[in-house]
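Chemist: Following is a predicted model, sequence given first.
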Amino acid sequence: MNTPKPKTREVENLLRRRSFIRRATSGTVIAGLCGGLYVLDDLLTGEAKAENRSDGRPRVPPGQRVLRALKPMGGTPGSPNPSDFSLTVYGEVERPLTLDFGGLLRSENVELEVDVHCVTGWTVLGARFKGVRVRDLAERVGVKDGVNHVIFEGAHGYTANVRLGEALAPDVLVAHRLDGRSLARPHGAPVRAVIPSLYFWKSAKWLKGIKFVRRDEPGYWETRGYNNHADPWLEERYA
Amino acid sequence: MPEKQAPRRRLRWRPWLRATHRDLGYLAVGLTVIYALSGIAVNHIEDWDPNFNNYEETHQLGRALPGEDAAVAAEVLRSLDIDEEPADVFRVDTDEVQVLLGTRTLHVRTDTGEIRDEGQKPRLLLRIANWLHLNRGKKAWTYVADAYAVGLLTLAITGIFMLPGRRGILGRGAIMVLLGAAIPFLYVVLSGGP
């Protein structure tokens, strides 16, 4: 007969119990660690929420959670090759301009620490972007009277509209470096726009053009239910 | 004897409804799988990149890499055992050369020999599904998506009347329909709406 001996069954049960306890303990430890990490990350948000910006607004806009690094948020990638890069600054301007990557590097570059806020709810504080101020490019091309908006054009027809005053803020950049390193592909390499005062979808990746216009032209997300302005402090997420 | 009248044929519309529902259901399977999978993927875009698997790693050659850009690129590719012709080699800074390959970029520090290897591997099926779902291709897909939406409406409405309930339209079906409709209604009320 094949019936196991009682002693063997006892041992099997013991092993089963032991394995159950082991698995349950590992599960609890992993869950605890994950919870701990989440709480630690939230400490980051809590600390930052206590701070204010120089304009008096809280450093972290409502509904945002602070992360340590930018998240890749998709989009249809353009060419990451610096040799393919060409930025056209045009529209209602006196002297349209086209810059290649070398031209961008030779322009006056600045490195700024800025906070960026994604509409999906994450914020990164003190991201160090290097690039050329849109304001300086605007001066070079000579923006005509009556211009009210700036359209940032990315690869494959992606566009984002920004009010002129906000596009010419001193922290708005055509950026090619982040935290001391060249932009990575998921973040729009070789060059992206950075408009810190608006939700990050306005900061077009794989930047190809900057167009100055008199009449507003709602862009890719703005025509798909997202807010036309996108102020994070007013939680202007959706239309 | 008066001639016997042929009995009037009753219009049997339910079998037609069921057939329509069944065939539309078959037609919708492919598109529903695409839209459902992509919907879940894109809904959680804050947690992951639904289109690409992004990676980044660092290699250390442990020596400076002087010389022309092309020579630097050749040396790096040989050291990392990469058998691919670069699409571009570009010096982006005094001490940094970028070697661009099909789906990855090697950022080479020529002064230290450190190489940041980053790239994106497309999630093949999901990327295509997302492309279709978000209608990034535009053109004819708009018509397909519109037709699918009309198809779903037809499925929903024919579904209500397909099987006669014991208590007609006011039985179990009505309760389920109301429950389903209550979900978006309650969500809007409780969340405060747009």
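Modeler: It's in.
Chemist: what's the domain layout of chain A?
Modeler: By the assignment in automatic domain parsing, chain A contains the domains A:1-50, A:65-234.
Chemist: Compare those domains and say which comes out lowest on pLDDT.
Modeler: Of all those, the minimum mean pLDDT falls on domain A:1-50 (a mean of 73).
Chemist: for the one helix or strand in chain B whose mean pLDDT sits lowest, the distance to its chain's centre please.
Modeler: Ranking every helix and strand in chain B by mean pLDDT, DSSP states H and E puts helix B:124-133 at the bottom, with a mean of 90. How far helix B:124-133 lies from its chain's middle: 4 Å, per C-alpha atoms, centre = their mean, to the nearest Å.
Chemist: Same question for stretch A:12-28.
Modeler: 44 Å.
Chemist: Residue B:18: how many residues sit nearby?
Modeler: 15 (other C-beta atoms under 10 Å in any protein chain shown). Quick note: C-beta positions are derived from backbone N, CA and C, even for glycine.
Chemist: Report the buried residues of the longest helix along chain B.
Modeler: The single longest helix within chain B, with elements called by DSSP state H, is helix B:13-43. For helix B:13-43, a neighbour-count test (16 or more other C-beta atoms under 10 Å in any protein chain shown) marks B:17, B:21, B:24, B:28, B:31, B:34-35, B:37-38, B:41-42 as buried.
Chemist: Repeat that for stretch A:147-154.
Modeler: Per 16+ other C-beta under 10 Å, stretch A:147-154 contains these buried residues: A:147, A:149-154.
Chemist: mind checking how far that stretch is from the chain centre?
Modeler: 19 Å.
Chemist: And stretch B:89-96, by the same measure?
Modeler: Worked out by C-alpha atoms, centre = their mean, stretch B:89-96 lies 37 Å from the chain centre.
Chemist: same thing with stretch B:146-159?
Modeler: 20 Å.
Chemist: Let's see it as PDB, backbone CA atoms only.
Modeler: What follows is stretch B:146-159, C-alpha atoms only, in PDB (Å, rounded to 0.1, in the frame of the first residue of the first chain):
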ATOM      1  CA  ASP B 146     -16.600  56.500 -35.500                       C
ATOM      2  CA  ALA B 147     -18.100  53.300 -37.000                       C
ATOM      3  CA  TYR B 148     -16.900  51.300 -33.900                       C
ATOM      4  CA  ALA B 149     -18.500  53.900 -31.600                       C
ATOM      5  CA  VAL B 150     -21.800  53.500 -33.500                       C
ATOM      6  CA  GLY B 151     -21.400  49.700 -33.400                       C
ATOM      7  CA  LEU B 152     -21.000  49.900 -29.600                       C
ATOM      8  CA  LEU B 153     -24.100  52.000 -29.300                       C
ATOM      9  CA  THR B 154     -26.000  49.500 -31.400                       C
ATOM     10  CA  LEU B 155     -24.700  46.600 -29.300                       C
ATOM     11  CA  ALA B 156     -25.800  48.400 -26.100                       C
ATOM     12  CA  ILE B 157     -29.300  49.100 -27.300                       C
ATOM     13  CA  THR B 158     -29.900  45.700 -29.000                       C
ATOM     14  CA  GLY B 159     -28.500  44.100 -25.800                       C
END
